[in-house]
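1. Below: sequence and its predicted model.
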There are 2 protein chains.
Amino acid sequence: MNILIKNVSLDGEIRDIFIKNGTIEEILEHCGKEADKIIDGRDKVALPSLINGHTHAAMTLFRGYADDMQLKNWLEEKIWVLEAKLTEEDVYWGSKLACLEMIKNGITVFNDMYWHWEATARASNDMGIRGLISAVFIDMFDRKKSQEQIEHNIKLFEISEKYKPYVTFTFGPHAIYTVSRESLQWMREFSEAHNILIHMHLSETQEETRFSKEKYGLSPVDFLDSIGVLSDRFIGCHGCWLDEHDCTILKSRKSKLVHVPVSNLKLAVGRVVPHFLMKEHEIPFCFGTDGCASNNHLDIIETMKFASLIAKFFTHNPTMFPAKETFDIATKIAANIFFLGDWEIKVGNSPDIILIDTMRPELVPNFDIYSDIVYASNGYIVDTVICMGKVLMENRQVPGEEEILRHTKKVARALVER
Amino acid sequence: MNILIKNVSLDGEIRDIFIKNGTIEEILEHCGKEADKIIDGRDKVALPSLINGHTHAAMTLFRGYADDMQLKNWLEEKIWVLEAKLTEEDVYWGSKLACLEMIKNGITVFNDMYWHWEATARASNDMGIRGLISAVFIDMFDRKKSQEQIEHNIKLFEISEKYKPYVTFTFGPHAIYTVSRESLQWMREFSEAHNILIHMHLSETQEETRFSKEKYGLSPVDFLDSIGVLSDRFIGCHGCWLDEHDCTILKSRKSKLVHVPVSNLKLAVGRVVPHFLMKEHEIPFCFGTDGCASNNHLDIIETMKFASLIAKFFTHNPTMFPAKETFDIATKIAANIFFLGDWEIKVGNSPDIILIDTMRPELVPNFDIYSDIVYASNGYIVDTVICMGKVLMENRQVPGEEEILRHTKKVARALVER
């Protein structure tokens, strides 16, 4: 499949971009090549696609079902009650809706942790976006559960072969207060042997850090380090309660973080990750939306604005997190974190690509595309999405959209009434 | 002009809404009336329109021109340099772009303060939305300038007659550190005599409160109260540095506040208005976007999410600012603040009306329209806008949009290069 994007703005110049099987073969003022698909790039800007570093895709099913509650009541009375009833089919449709929403917001890669792994893998594969997908691993320090989960994960790792190249299997140990030391150690070994990423909630709440101190006499980071779990394959999400020392350890292990500001504010976890620490200690980090029960919007452009603005505000410094840096975090730095290769639009690279429609009131006068994206807009400014060499959206149309919306609405309502 | 909206969702029921000259005449399961304009309301929700409590419309011209700078450099090197060069024609096009952007985000009322008053009034009138428009009043404690400004404002008040019913003249004393006591006292008297609103920046920065203490020995609120400026016609914007005592005074004078969280975070003014104070003291407040140099997006739905989330976070209480309450603040409470009458969609009322398109991934499964609006979306979910009995947007199309975008882009670039 060849794609030719004509007359598109790229780094301030008007260019033709020729893409063959997902790899950029030519960038010229005028490219005379034939192509299976020609896209008119006038009034549009070409950029690398966005990456969602932390979500629970199928939780779109719970969007708007329960908000504005205390965390404990919300989990115990609403979320866990519904999750106990979830079927494979529910998760498939919830994930499909999430993939649709992400495509419409210019996201082509999502790092996921949820139940019914294969349903999310199928959805990711069917929608044609890249899923780094883990099954929630919880054993509650029970030896039998641990063994079941280990066997289940080995099976999923084998199954995952059939969903390549769209799906990559990852480990999803939920958190240090729900997963035993033994399970974590097993994951570390299997992850080393098979080069598997580990996706984990880390230092999200004060309760978590208290639990860790009480049970292990260590901070969550120190505990994970003590059993060798930290490496450049470790992705810690939230990190609200990290301190200087934790950051030094993460840095020395080349571990990564995902900043999830919208969820942290909405659930009022007391702190957001101190970005200046991540910056000072040069810990690679990217942005995540979290699942739709706690955000409720799978829009990394929105998340960028929250991240940049709260960083400025908390540091009393409006020069913090400038727009271009913020955009890079959500694209090329995120791609490095997930080992996706060079995510810049250059000949020889294979990034996914989005086209932004600049003829929208909120982007005019078009002085600075990065400022306009981060501060003046949201995901709906994305007109076209190309993932792994295929056009997933053009002129904001995604094939099959209406069916996904109508069917998922039914699935979610049936779940609530079940 | 009669409008009939058919089969639209209103408060959870499917209804027909018949509007005659801007007033709702009938709300029925089936309305058999003829109408000049029939709108298909299927898959849509009817709601009162949004109100932008504080902006500087023409500053769309500066969007993305200068961000991520220290406040002082940003003002002195960028914003004031451009503002000194602004012409009436620039402001007309900048305001027109702002009106277009606001219409597309479901906003039909904006409370404005800027230079070249008549240009913004013309734009508001030509675009058909309601502008409460003030001229920036700055005298820098200079008697001659004060007199000039007073004469200028009297003239504008007279001119404003010809822009009715769309435009309402208001006073725009910039702030207590730029306007003399004498000018403020004159505005108070004229405002009493002619029932004119006073729109003022209030306690936005710590410097402002320090200035007030040094010059007058009083907080900004106490100073304004000491010269009788506070009343139910007084609209104070930002209010970041208000304290308990200030709130008691504002409450006793029935004065109003506008909460501008996005700008406060972006410019890192050190605090945002303490909502719990406004709530505790029952001070009516609504939301504002600020101008596009400091937000940069005229989207009250985005502002609602910021307001609700930072309130939850700062109070450590996720039940703060629930979605419905947040929506009401941006609509019916805002309408009360600006004396626009009952803003609910009920027979006999004349609110402006928006239709939300629920067939969008970020709004599915449609469990709760208020949660979906506040937490999962932005202004682009608005499909149709009706203001003062006229349809301004349908199916997201606003007549003349492309010309406004192309022309304003030219105007902004010419301004920068002038």
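-> Structure's in. What do you need?
2. can we go C-alpha only for contacts and neighbour counts from here?
-> Will do.
3. now the end-to-end length of stretch A:229-245.
-> For stretch A:229-245, the first-to-last residue distance is 17 Å (Cα to Cα, to the nearest Å).
4. And chain B, is it touching that?
-> No - Stretch A:229-245 is not in contact with chain B by Cα under 8 Å from any Cα of the partner chain; minimum separation 12.4 Å.
5. quick one: average confidence on that stretch?
-> In this model, stretch A:229-245 carries a mean pLDDT of 97.
6. What of stretch A:132-149?
-> On average, stretch A:132-149 scores 98.
7. and that stretch, C-alpha only, in PDB?
-> Taking C-alpha atoms only, stretch A:132-149 is exported to PDB below (Å, rounded to 0.1, in the frame of the first residue of the first chain):
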ATOM      1  CA  LEU A 132       0.400  -2.500  23.900                       C
ATOM      2  CA  ILE A 133      -2.000  -4.600  25.900                       C
ATOM      3  CA  SER A 134      -1.700  -6.200  29.400                       C
ATOM      4  CA  ALA A 135      -4.100  -8.300  31.400                       C
ATOM      5  CA  VAL A 136      -4.700  -6.900  34.900                       C
ATOM      6  CA  PHE A 137      -2.500  -9.000  37.200                       C
ATOM      7  CA  ILE A 138      -3.900  -9.100  40.800                       C
ATOM      8  CA  ASP A 139      -3.200 -12.000  43.200                       C
ATOM      9  CA  MET A 140      -3.900 -10.200  46.500                       C
ATOM     10  CA  PHE A 141      -0.900 -12.100  48.000                       C
ATOM     11  CA  ASP A 142      -2.700 -15.400  47.500                       C
ATOM     12  CA  ARG A 143      -0.400 -18.200  46.300                       C
ATOM     13  CA  LYS A 144      -3.100 -20.000  44.300                       C
ATOM     14  CA  LYS A 145      -4.200 -16.900  42.600                       C
ATOM     15  CA  SER A 146      -0.700 -16.000  41.800                       C
ATOM     16  CA  GLN A 147      -0.200 -19.400  40.000                       C
ATOM     17  CA  GLU A 148      -3.400 -19.000  38.100                       C
ATOM     18  CA  GLN A 149      -2.400 -15.600  36.900                       C
END
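8. Give the helix, strand or coil label for A:K254.
-> coil (DSSP: H, G, I helix; E, B strand; the rest coil).
9. before we move on, what about the one 3 residues further on?
-> For A:L257, the assignment made with three-state DSSP gives strand.
10. Would you mind measuring from the residue most central in space within chain A to A:G288?
-> Closest residue to the average C-alpha location of chain A: A:N52 at 2.1 Å, with Cα atoms, centre = their mean. For A:N52, the distance to A:G288 equals 5 Å [Cα to Cα].
11. Can you pull up the residues of the stretch 101-250 of chain A that come close to chain B?
-> For the stretch 101-250 of chain A, the residues in contact with chain B (Cα under 8 Å from any Cα) are A:E101.
12. pLDDT below threshold where in the stretch 101-250 of chain A?
-> Along the stretch 101-250 of chain A, the model assigns pLDDT under 70 to no residue.
13. any chance you could map the strands in it?
-> In the stretch 101-250 of chain A, the strands defined using DSSP state E, counting those that start in this stretch lie at A:107-114, A:130-137, A:167-173, A:198-202, A:234-238.
14. related to what we said a few turns ago, cross-check the contact I'm expecting between the residue nearest to the centre of chain A and A:E302.
-> No - under the criterion of Cα atoms under 8 Å, A:N52 makes no contact with A:E302, lying 11.6 Å away.
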